[in-house]
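Asker: Pasted the sequence and its predicted model underneath.
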Amino acid sequence: MVEGAGPNTPPSKVSPEFVRSFRSQLTSGEDVVDPSTWAGSVPPASGVAPRVRVWANRWFNLLWLLPIGFVVLITAVAGAKGLRSTGVVQLFIQQYPGTSEAAIGETAALPVWAGAQHFLNLFLMIFIIRSGVQILTDHPRLYWTRHSTPGRDWFRIQKPVPADPLWTAKNDSISLPGQVGLPGLRHSIGLARWWHLGTNVLWLLNGVVFYVLLFATGQWRHLVPTSWDVFPNAMSVLIQYLSLDWPPEGHWVAYNGLQLLAYFVTVFVAAPAALITGLGMSPALSTRFRRISKVFSIQTARSLHFLVLIWFLVFIVLHVSMVVTTGVLRNVNHMYASRDDNSWLGLMIFGVSMVVVTVGWVAATPVTLRHPRIVQRAGFALIGPVQRLFEHLDAKPGEYTEADISPYFWHNGRYPDSDEYRALLDGNFVDYRLRVNGLVDNPQDFDLEQLRALPAQEQITQHFCIQGWSGVARWGGVSMQTIMDQVHPRPEAKWVVFYSLGDGPDGGIYYDTHPIDQMGYHLTMLAYDMNGAPVSFGHGAPLRLRNETQLGFKQVKWVKGVEFVADYAEVGGGFGGYNEDHEFFGYRQSL
Ligand SMILES: Nc1nc2c(c(=O)[nH]1)N[C@H]1C(S)=C(S)[C@@H](COP(=O)(O)O)O[C@H]1N2
Ligand SMILES: [Mo]
């Protein structure tokens, strides 16, 4: 044991300036993205064709669905033609021609607001989908349980996880072409999330206005089936389509049964499901409402969120094909020109709107790489208020048990490689000191024995990495409240900075800041134990932060100093943390 240190020695007093000196070890990030040095110069990495696990460890390549789907379609067409030659089916189609009796007599032309909202919806969805796929590629695997155990994924677009015990989630991420993903670069989730969450806010607002107008004007009758005959009618339409013998254009005055069901599900089931499954991935909400999230875990939410995307993609493809093949002029007139005829006006308006869409599509990635700080600020302006709201959810320990602990807990980030750290590790951390100061009345240094002598806190909680993986672990350590009771933060202290012994991927030490209110939360602690053993090298030895209302990147590992400050803007690049400075993340990440 080191001289002077020990459970009975009072923590030593240090100069309040000491931790401040760590600031000189920080680097500020760039304001433009250079793809060649991005995220610590990770080279582009391609994934594999989508695969679904069919048995314990058999994987089915989804590209096979192309030939299989083709064969199924041919068979279905033959089957439908066969059916239509039977008397029973002919009678059935006569009785249920496709459109409900109740809908006859409605005008097909839609009001101007519906056209405008349809355009906005389409425009926003381009960014939502591209950034959503980008987010998926940051952890290119899906699971049904809250654990993210390699080999237990049900879907992947990446090779199996290599055996390397220190393989990180960042190593596992893949790139996308810049015009497919938004912004395409490997591990660009910070920017992708601003696009995704920011445009989502606008998309949801558009949706709320749409719902209100729909019910205020009676237009809902276009989208909500009002009679059970929608089902036989949908069946009838399906047989008619598949038999390639469609009624003449304009025969179905109102939406046919199949169309009605598809629109209804898209507007009233898929859209709300996108929101609910999205919120199901929030660390703050899941930790606060553990009873719900025990069943509806982050991974279930993420998998369902992905299936909602698949629904939207299939819907878009079929919807556009049908619009084009069933009298395109008249169809686009209904939607965009509020008229029910075969003039060219609707198509012209649609054409102009497609120019806007194309410009938006092509510009999104280059603009994002050129002006990432604008994307970061605009995104935060849109979603920040919601993130702030969720930050007030202070959960108590308790809901998870030993049985919930994950068999595999991913590693992430850049491992410390300095001589300073190596020496501490080799010496079993006897020389380690946690330095706590800044705007406090009683700045202190603690060695590990002193920390272990303080009242201990234990909690079994779930970790949510921004990339999408999760894991449950039992953490043992000291609550930040206990530390604050020792050092007495001053009233001016509003933010708390955690400095790491390790560097971030672009050089300069890793750090992150947290609002001081969250330091007093039940589940905020500095952990020296994980699952009953001292925190390992990879997971942050000897000490790492836990703040369970926030995402994983805020949980600084290998903590060497804690500084209480008035404003995080004075630290590092001024955005509130290493990833915030270098990778354009947000400093509030309860979502
Ligand atoms: N010092 C430091 N702390 C860090 C990181 C890092 O790169 N450096 N990565 C963060 C990220 S992105 C995550 S998800 C968690 C991962 O913790 P784990 O490796 O124990 O799972 O640590 C966080 N803390
Ligand atoms: Mo992370």
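Answerer: The structure has been received and is ready for your questions. Numbering: from 1, shown residues only. Ligands and ions are numbered 1, 2, ... in the order given.
Asker: Please list all residues in contact with the closest residue to ligand 1 within the stretch 1-150 of the chain.
Answerer: Closest residue of the stretch 1-150 of the chain to ligand 1, C-beta to the nearest ligand atom: Gly40 (9.5 Å). Any C-beta I mention is one placed from the backbone N, CA and C, and that applies to glycine too. Neighbour list for Gly40: 414, 504-506 [criterion: C-beta atoms under 8 Å, 6 or more residues apart in numbering].
Asker: so it is in which element?
Answerer: Assigned by DSSP states H and E, Gly40 belongs to helix 38-41.
Asker: Kindly report the same for Leu120.
Answerer: Using DSSP H and E, Leu120 sits in helix 112-138.
Asker: Break down the stretch 51-200 of the chain into its helices, ranges please.
Answerer: 65-84, 87-95, 112-138, 169-172, 189-217 (DSSP state H, counting those that start in this stretch).
Asker: oh, I was asking about the stretch 351-500 of the chain
Answerer: If DSSP H, counting those that start in this stretch is used as the criterion, the helices of the stretch 351-500 of the chain fall at 372-390, 419-426, 448-453, 480-487.
Asker: would JSON lines of those helices with mean neighbour count be doable?
Answerer: Listed next are the helices of the stretch 351-500 of the chain as JSON lines, based on neighbours: other C-beta atoms under 10 Å:
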{"stretch": "helix 372-390", "mean neighbour count": "17"}
{"stretch": "helix 419-426", "mean neighbour count": "13"}
{"stretch": "helix 448-453", "mean neighbour count": "18"}
{"stretch": "helix 480-487", "mean neighbour count": "19"}
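Asker: Distance-wise, check Gln518 relative to Ile298.
Answerer: According to C-beta to C-beta, to the nearest Å, Gln518 and Ile298 sit 20 Å apart.
Asker: mind listing what the closest residue to ligand 1 within the stretch 401-550 of the chain touches?
Answerer: Per C-beta to the nearest ligand atom, Gly413 is where the stretch 401-550 of the chain lies closest to ligand 1, at 2.0 Å. Going by C-beta under 8 Å, 6+ apart, Gly413 touches 168, 170, 502, 504-505, 510, 553, 557.
Asker: Tell me which residues of stretch 436-446 come out buried.
Answerer: Buried residues in stretch 436-446, counted by 16 or more other C-beta atoms under 10 Å: 436-440, 443-446.
Asker: Can you tell me the number of residues neighbouring Leu223?
Answerer: Leu223: 16 surrounding residues under other C-beta atoms under 10 Å.
Asker: secondary structure element for the nearest residue to it once chain neighbours are set aside?
Answerer: Once flanking residues are discounted, Leu223 sits nearest to Tyr263: 5.1 Å by C-beta to C-beta, 6 or more residues apart in numbering. Element membership for Tyr263, per DSSP H and E: helix 257-265.
Asker: CA atoms only: put that helix into PDB for me.
Answerer: Coordinates of the C-alpha atoms in helix 257-265 are reproduced here as PDB (Å, rounded to 0.1, in the frame of the first residue of the first chain):
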ATOM      1  CA  GLY A 257     -60.700  -2.300 -50.200                       C
ATOM      2  CA  LEU A 258     -57.000  -3.300 -50.500                       C
ATOM      3  CA  GLN A 259     -56.000   0.300 -50.900                       C
ATOM      4  CA  LEU A 260     -58.100   1.400 -48.000                       C
ATOM      5  CA  LEU A 261     -56.500  -1.200 -45.700                       C
ATOM      6  CA  ALA A 262     -53.000  -0.300 -46.800                       C
ATOM      7  CA  TYR A 263     -53.600   3.400 -46.300                       C
ATOM      8  CA  PHE A 264     -55.300   2.800 -43.000                       C
ATOM      9  CA  VAL A 265     -52.500   0.600 -41.700                       C
END
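Asker: tell me which strands and helices that helix is in contact with?
Answerer: Packing partners of helix 257-265 (3 or more C-beta pairs under 8 Å, 6 or more residues apart in numbering; DSSP states H and E): helix 230-242, helix 298-325.
Asker: Now the first one: average pLDDT?
Answerer: Read that as helix 230-242. Summarised as a single mean, pLDDT over helix 230-242 is 95.
Asker: Now it: buried residues?
Answerer: For helix 230-242, a neighbour-count test (16+ other C-beta under 10 Å) marks 230, 232-242 as buried.
Asker: Kindly report the same for stretch 22-38.
Answerer: Going by 16+ other C-beta under 10 Å, stretch 22-38 has these buried residues: 22-23, 26-27, 29-30, 33, 35, 38.
Asker: Quick one: low-confidence residue ranges for the stretch 451-591 of the chain.
Answerer: Nowhere does the stretch 451-591 of the chain drop to pLDDT under 70.
Asker: So the closest residue to Ser500 other than its chain neighbours: helix, strand or coil?
Answerer: In this structure, Ser500 finds its nearest non-sequential neighbour in Tyr510, 4.0 Å apart by C-beta to C-beta, 6+ apart. Three-state assignment for Tyr510 (DSSP: H, G, I helix; E, B strand; the rest coil): strand.
Asker: Please apply the same query to Val556.
Answerer: coil.
Asker: beta partners for the nearest residue to it once chain neighbours are set aside?
Answerer: Distances taken as C-beta to C-beta, 6+ apart place Phe498 nearest to Val556, at 4.0 Å, with adjacent residues excluded. Phe498 forms beta bridges with Asp512, Val562, as assigned by DSSP bridges.
Asker: who's in contact with Phe498?
Answerer: Listed by C-beta under 8 Å, 6+ apart, the contact set of Phe498 reads 511-514, 545, 556, 559, 561-562.
Asker: these two touch, right, Arg330 and Trp344?
Answerer: No: Arg330 lies out of contact with Trp344 (C-beta atoms under 8 Å); the separation is 11.1 Å.
Asker: between these two, which one's more packed in?
Answerer: Shown here are Arg330 and Trp344; by other C-beta under 10 Å, Arg330 has more neighbours (19 against 12).
Asker: how big is the angle separating the helix or strand harbouring the more buried one from helix 298-325?
Answerer: Element membership for Arg330, per DSSP H and E: helix 328-336. On the basis of axes from the mean of the first three to the mean of the last three C-alpha atoms, to 10 degrees, helix 328-336 is oriented at 130 degrees to helix 298-325.
Asker: Quick one: list the elements packing against helix 328-336.
Answerer: If you count contacts as 3+ C-beta pairs under 8 Å, 6+ apart, helix 328-336 packs onto helix 112-138, helix 345-370.
Asker: Distance of the residue of the chain most remote from its centre relative to Pro247?
Answerer: Note on the chain: the largest C-alpha distance from the chain mean falls to Gly87, namely 52.3 Å (C-alpha atoms, centre = their mean). For Gly87, the distance to Pro247 equals 19 Å [C-beta to C-beta].
Asker: Also Asp419?
Answerer: 79 Å.
Asker: among the contacts of Gly40, which two are most distant?
Answerer: Farthest apart among the contacts of Gly40 by C-beta to C-beta are Arg414 and Asp506. That separation is 9.2 Å.
Asker: which of the contacts of Gly40 lies closest to Asn531?
Answerer: Arg414 (23.1 Å).
Asker: Can you give me the neighbour number for the closest residue to the closest one other than its chain neighbours?
Answerer: The shortest distance from Arg414 to any non-neighbouring residue, by C-beta to C-beta, 6+ apart, is to Pro505 (5.0 Å). Using other C-beta under 10 Å, Pro505 has 20 neighbouring residues.
Asker: By proximity to ligand 2, which residue of the stretch 101-250 of the chain wins?
Answerer: Here the stretch 101-250 of the chain gets closest to ligand 2 at one residue, Ala169, 6.4 Å apart by C-beta to the ion.
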